[in-house]
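*Asks:* 3D model of this:
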Amino acid sequence: MHSVTLNAVRDPAIHPPDMGGSQPISRQALHLAVMDRLRKMITEGVLPPGSHLNERALCEQLGVSRTPLREALKMLAVERLIDLLPNRGARVVTLSASDISDAFELLSGLEALAGELACQRITPAEIDEIQELHSAMDACHANGDLSGYFDCNRRIHDRINAAARNSALTQMYQSVNHRLQALRFRSNLHAGKWDRAIEEHVEILHALRQRDGATLGRLLRVHLMAKCAAVLANRRVAA
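*Replies:* Have a look, this model is predicted:
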């Protein structure tokens with residue numbers, strides 16, 4: 001089993017992400033803030049798959065007591081990002097190759113459907129907002145800021161999903177997507193794959209502006225399955 005490490009994955013062309021533990025969390029909605037911080041740490045590889053979560057160390061790092069930390073861990077367990085082990089604490093979930101393939105296949109279908117519906121229901125103001133996020137994401141890519149890039153990327157996909165105006169679809173999308181955030185983040189650690197992802201987003205935005213649901217659905221499906229292929233390839237190399 002891996003031990004918790006605070007060394008994020010590094011690439012010479014990519015700035016390492018902010019590890020998220022340098023500032024204490026404010027007391028407002030504390031367990032939710034702790035949950036968001038831990039989710040970010042899992043996504044960015046600060047807490048890698050299989051790592052045991054040391055409650056004392058995390059409390060010290062985040063500047064909180066054990067009560068909000070444990071509440072956050074319970075919520076992350078519901079999202080299936082961590083496993084709660086009886087009398088042994090918690091550890092970050094490790095997904096098998098089949099888990100990864102199945103989840104990406106499902107998510108690609110959900111994103112494709114969201115894209116088709118969004119083209120029917122999105123407002124011009126929402127498209128402009130996505131354009132602004134895309135511009136910010138492109139700037140992060142140019143600066144090698146993977147953490148900033150990924151945040152903009154996530155918000156773009158969330159905005160497209162929200163524009164579908166289907167609460168059942170959004171609920172299922174969020175459930176599956178939470179499990180894959182760390183893998184989606186790591187799929188861009190190779191500079192060539194990151195460059196291609198940016199090109200795909202240009203095509204996605206164009207189809208959205210044209211309100212071409214069939215094309216957008218196809219592009220989103222291909223985009224997600226390319227992420228899946230990159231993740232599985234990285235997994236084989238690391239094995």
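
*Asks:* residues near the spatially closest residue to Phe104 that is not a sequence neighbour, how many?
*Replies:* Distances taken as CB to CB, 6 or more residues apart in numbering place Cys228 nearest to Phe104, at 3.6 Å, with adjacent residues excluded. Where you see a C-beta, it was placed from the backbone N, CA and C, and this is true even at glycine. Cys228 has 21 neighbouring residues, counting by other CB atoms under 10 Å.

*Asks:* now His190
*Replies:* His190 is flanked by 16 other residues according to other CB under 10 Å.

*Asks:* Ala230 is in contact with that one, correct?
*Replies:* Yes: the criterion here is CB atoms under 8 Å, and His190 meets it with Ala230 at 7.2 Å.

*Asks:* residues of the worst-scoring helix or strand of the chain on mean pLDDT that come out buried?
*Replies:* Using mean pLDDT, DSSP states H and E, helix 213-238 stands out as the lowest-scoring helix or strand of the chain, at a mean of 90. Using 16 or more other CB atoms under 10 Å as the test for burial, helix 213-238 gives 213, 215-221, 223-224, 226-228, 230-232, 234.

*Asks:* just checking, what packs against that helix?
*Replies:* helix 97-121, helix 167-186, helix 191-209 (3 or more CB pairs under 8 Å, 6 or more residues apart in numbering; DSSP states H and E).

*Asks:* and if we set it to 10 Å?
*Replies:* Judged by 3 or more CB pairs under 10 Å, 6 or more residues apart in numbering; DSSP states H and E, the packing partners of helix 213-238 are helix 97-121, helix 146-163, helix 167-186, helix 191-209.

*Asks:* for the last one, what is the average pLDDT?
*Replies:* Right, the one you point to is helix 191-209. The predicted model gives helix 191-209 an average pLDDT of 92.

*Asks:* That helix: which residues count as buried?
*Replies:* Lys193, Trp194, Ala197, Ile198, Glu200, His201, Ile204, Leu205, Ala207, Leu208, Arg209.

*Asks:* One more: the shortest one?
*Replies:* In terms of neighbour count (16+ other CB under 10 Å), helix 146-163 has its buried residues at 146-154, 156-163.

*Asks:* and what of the third one?
*Replies:* By neighbour count, and taking 16+ other CB under 10 Å as the criterion, the buried residues in helix 167-186 are 169-170, 173, 176-186.

*Asks:* Now flag whichever of those residues is closest to Arg70.
*Replies:* His178 (19.1 Å; CB to CB).

*Asks:* how many other residues sit next to the nearest residue to that closest one once chain neighbours are set aside?
*Replies:* For His178, ignoring the flanking residues on the chain, the nearest one in space by CB to CB, 6+ apart is Glu79 at 4.6 Å. When counting by other CB under 10 Å, one arrives at 17 neighbours for Glu79.
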